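S.K.: mind folding the following:
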Amino acid sequence: MTGADEGAAGGAAFTRMWRELLPLGRDPASGGYRRFAWTGADAECRAWFRERAEERGLAYEVDRNGNQWAWLGDPAAGDAVVTGSHLDSVPDGGAFDGPLGVVSAFAALDELLARCATPARPLAVVNFADEEGARFGVACAGSRLATGLLAPDTARALRDADGVRLADALERAGLDPESLGPDPVRLAHVGAFVELHIEQGRHLDLSGHPVGVASAIWPHGRWRFDFHGEANHAGTTALDDRRDPMLTYAPTVLAARKRARLAGALATFGKVAVEPNGVNAVAGLVRGWLDSRAPDEAALTTVVTEIARMAAERGARDGVDVRVTRESFTAVTEFDHGLRDTVAALLGGAPHLPTGAGHDAGILSAAVPTAMLFVRNPTGVSHAPAESAREDDCLAGVAALADVLEGLACR
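M.R.: Residues are numbered from 1 along each chain as shown. The predicted structure follows:
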């Protein structure tokens with residue numbers, strides 16, 4: 001980020017907090033972040049959140065699913081206005097995805113209190129646990145558990161790439177895995193949730209606006225494709241005698257690109273695991289994870305069904321058994337129209353834009369009114385070290401969020 005006026009209370013706070021958080025979990029080799037849920041880097045981020053809450057005199061607590069809350073006012077009074085995001089990252093992710101929303105939330109609260117000493121509604125800042133799903137494979141785990149969209153037994157049994165169960169990781173972090181589950185009483189106290197996030201695209205950059213309002217989240221999901229072949233010796237096994245799952249996996253990746261393009265959708269094989277993973281061995285098993293998103297559920301279903309069909313057909317020719325497992329799915333999310341339109345009006349008619357990315361706000365929308373603000377991303381890059389935003393746009397986001405909080409909680 002480069003130069004901006006730090007005169008406002010929120011702006012000065014943002015700049016200081018951003019600098020504090022920036023080095024936590026950063027990989028010196030890639031320049032990206034590895035803030036995976038319930039690791040040391042995640043613990044550092046969670047400690048940072050608690051410190052920011054306590055230095056403001058906010059009531060700090062961790063809910064039954066590991067989500068962190070910082071309260072101004074009594075949550076039991078109900079109709080609370082909550083803002084925040086997440087602090088975890090994808091492997092070698094950028095600095096802004098998630099943390100921008102948490103830092104901006106504290107900064108906007110500072111700015112709000114400089115304008116409005118006694119808000120009429122309780123306020124809270126939240127850090128949702130394991131939003132990215134980078135370690136245990138299920139995105140938005142903290143908010144899914146809270147809303148009942150992820151069963152506690154299913155969550156506890158999730159394993160990371162090293163075979164560590166989520167239940168064991170929680171215990172090591174000092175939490176009780178048996179406490180996981182829906183949190184309807186807490187959510188009943190929330191009257192509105194507003195999440196600020198960096199835009200993961202270039203709509204705002206192309207339109208010239210620093211801040212926008214989300215209209216909807218495309219339906220999206222993750223599917224695991226298991227390609228079962230036969231492990232063998234790469235130097236002795238004749239080509240015609242092989243059952244090589246790589247031969248099936250590779251064209252499936254190409255098929256995903258083709259089917260997505262034809263449907264106006266998105267489809268990505270971004271993670272792969274190979275067994276036995278030897279240079280001189282024919283693979284016995286290839287696992288590839290498909291992420292797919294589309295403007296509507298019919299298009300998404302068509303894309304994934306076609307990819308699976310083409311994989312099975314190719315597998316039959318290669319002597320490879322293909323099995324597809326849906327690991328997560330989120331239906332199209334229409335943000336609360338009343339709250340969305342109120343937020344846009346408070347911002348002087350900020351533009352509406354859709355997103356293909358999932359967020360905690362989308363998960364929570366099943367239980368409470370939610371809305372999202374997006375901050376301009378000049379390159380559109382996300383989930384990568386090159387993710388960026390100008391400091392003046394970030395501070396515009398803080399000001400916009402403060403305007404929204406003021407409009408919702410002080411009038």
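
S.K.: which residues touch Asp79?
M.R.: For Asp79, the contact set (C-beta atoms under 8 Å, 6 or more residues apart in numbering) comprises 121-122, 189, 191. In short, each C-beta sits where N, CA and C put it, glycine included.

S.K.: again, only this time at 6 Å
M.R.: Counting by C-beta atoms under 6 Å, 6 or more residues apart in numbering, Asp79 touches 121, 191.

S.K.: against Pro122, how distant is it?
M.R.: According to C-beta to C-beta, to the nearest Å, Asp79 and Pro122 sit 8 Å apart.

S.K.: Ser104 too?
M.R.: 19 Å.

S.K.: neighbour count winner among the two?
M.R.: Comparing Ser104 with Pro122 by other C-beta atoms under 10 Å, the one with more neighbours is Ser104, at 34 against 22.

S.K.: that's a strand at that one, yeah?
M.R.: No - the assignment for Ser104, made by DSSP: H, G, I helix; E, B strand; the rest coil, is helix rather than a strand.

S.K.: surely it and Leu196 touch.
M.R.: Yes - with contact defined as C-beta atoms under 6 Å, Ser104 and Leu196 form a contacting pair (4.8 Å).

S.K.: so for the two, which residues contact both of them?
M.R.: With C-beta under 6 Å, 6+ apart as the test, Ser104 and Leu196 both reach 397, 401.

S.K.: ranges for the strands of the stretch 51-200 of the chain?
M.R.: Secondary structure of the stretch 51-200 of the chain (DSSP state E, counting those that start in this stretch): strands at 59-62, 68-72, 80-86, 123-128, 190-198.

S.K.: distance to Trp48 and mean neighbour count for the ones you listed - can I get that in TSV?
M.R.: As requested, those are exported to TSV (distance: least, C-beta to C-beta, whole Å; neighbours: other C-beta atoms under 10 Å):
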stretch	distance to Trp48	mean neighbour count
strand 59-62	12	16
strand 68-72	10	22
strand 80-86	13	27
strand 123-128	9	28
strand 190-198	18	25
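
S.K.: what would those strands look like in JSON lines with mean pLDDT and distance to Asp153?
M.R.: Shown next, in JSON lines, are the strands of the stretch 51-200 of the chain (pLDDT from 0 to 100; distance: least, C-beta to C-beta, whole Å):
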{"stretch": "strand 59-62", "mean pLDDT": "98", "distance to Asp153": "21"}
{"stretch": "strand 68-72", "mean pLDDT": "98", "distance to Asp153": "24"}
{"stretch": "strand 80-86", "mean pLDDT": "98", "distance to Asp153": "24"}
{"stretch": "strand 123-128", "mean pLDDT": "98", "distance to Asp153": "21"}
{"stretch": "strand 190-198", "mean pLDDT": "98", "distance to Asp153": "26"}
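
S.K.: want to throw those into CSV with distance to Ala366?
M.R.: Compiled in CSV, the strands of the stretch 51-200 of the chain are given as follows (distance: least, C-beta to C-beta, whole Å):
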stretch, distance to Ala366
strand 59-62, 22
strand 68-72, 19
strand 80-86, 15
strand 123-128, 14
strand 190-198, 12
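
S.K.: out of the ones you listed, which gets nearest to Ala117?
M.R.: Among those, strand 68-72 comes nearest to Ala117, with 11.2 Å by C-beta to C-beta.

S.K.: what are the pairing partners of the closest one, and which direction each?
M.R.: Its sheet considered, strand 68-72 pairs with strand 59-62 (antiparallel), strand 123-128 (antiparallel) by DSSP bridges.

S.K.: residues in contact with it?
M.R.: With contact meaning C-beta under 6 Å, 6+ apart, strand 68-72 is reached by 49, 53, 58-62, 123-127.

S.K.: send the alpha carbons of stretch 369-389 over as CSV?
M.R.: Coordinates of each C-alpha in stretch 369-389 appear next as CSV, following Å, rounded to 0.1, in the frame of the first residue of the first chain:
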residue,chain,number,x,y,z
PRO,A,369,-29.5,-10.5,7.7
THR,A,370,-26.1,-10.0,6.0
ALA,A,371,-24.4,-7.7,3.6
MET,A,372,-20.9,-7.2,2.2
LEU,A,373,-18.7,-4.4,1.1
PHE,A,374,-15.9,-4.8,-1.4
VAL,A,375,-12.7,-2.7,-1.6
ARG,A,376,-11.1,-2.1,-5.0
ASN,A,377,-8.4,-4.6,-6.1
PRO,A,378,-6.5,-3.0,-9.0
THR,A,379,-5.1,-6.3,-10.4
GLY,A,380,-8.0,-8.6,-9.4
VAL,A,381,-5.4,-11.1,-8.1
SER,A,382,-6.4,-13.0,-5.0
HIS,A,383,-5.3,-16.1,-3.1
ALA,A,384,-1.8,-15.3,-4.1
PRO,A,385,1.1,-13.1,-2.8
ALA,A,386,0.4,-10.4,-5.5
GLU,A,387,-3.0,-9.6,-4.0
SER,A,388,-3.0,-5.9,-3.3
ALA,A,389,-5.0,-2.8,-2.6
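
S.K.: residues of it that come out buried?
M.R.: Going by neighbour count (16 or more other C-beta atoms under 10 Å), the buried part of stretch 369-389 is 369-377, 380-383, 385, 387-389.

S.K.: in strands, which of these fall?
M.R.: Counting by DSSP state E, the part of the buried residues of stretch 369-389 found in strands is 370-375.

S.K.: tell me the phi and psi of Leu239?
M.R.: Note on Leu239: backbone dihedrals following degrees, to the nearest 10 are phi -60, psi -40.

S.K.: gap between it and Ala316?
M.R.: Applying C-beta to C-beta to Leu239 and Ala316 gives a distance of 18 Å.

S.K.: neighbour count for those two, which is higher?
M.R.: Each of Leu239 and Ala316 has its neighbours counted (other C-beta under 10 Å); Ala316 has more, 12 against 8.

S.K.: against Val185, how distant is Val125?
M.R.: In terms of C-beta to C-beta, Val125 sits 19 Å off from Val185.

S.K.: give the rounded mean pLDDT of the longest helix seen in the chain.
M.R.: Longest among the helix segments of the chain by residue count, using DSSP state H, is helix 297-318. Taken as a whole, helix 297-318 has an average pLDDT of 97.

S.K.: now do the helix or strand just after it: distance to the chain's middle.
M.R.: Later in the chain than helix 297-318, the nearest helix or strand by DSSP states H and E is strand 321-330. Strand 321-330 has its C-alpha centroid displaced from the chain centroid by 20 Å (C-alpha atoms, centre = their mean, to the nearest Å).
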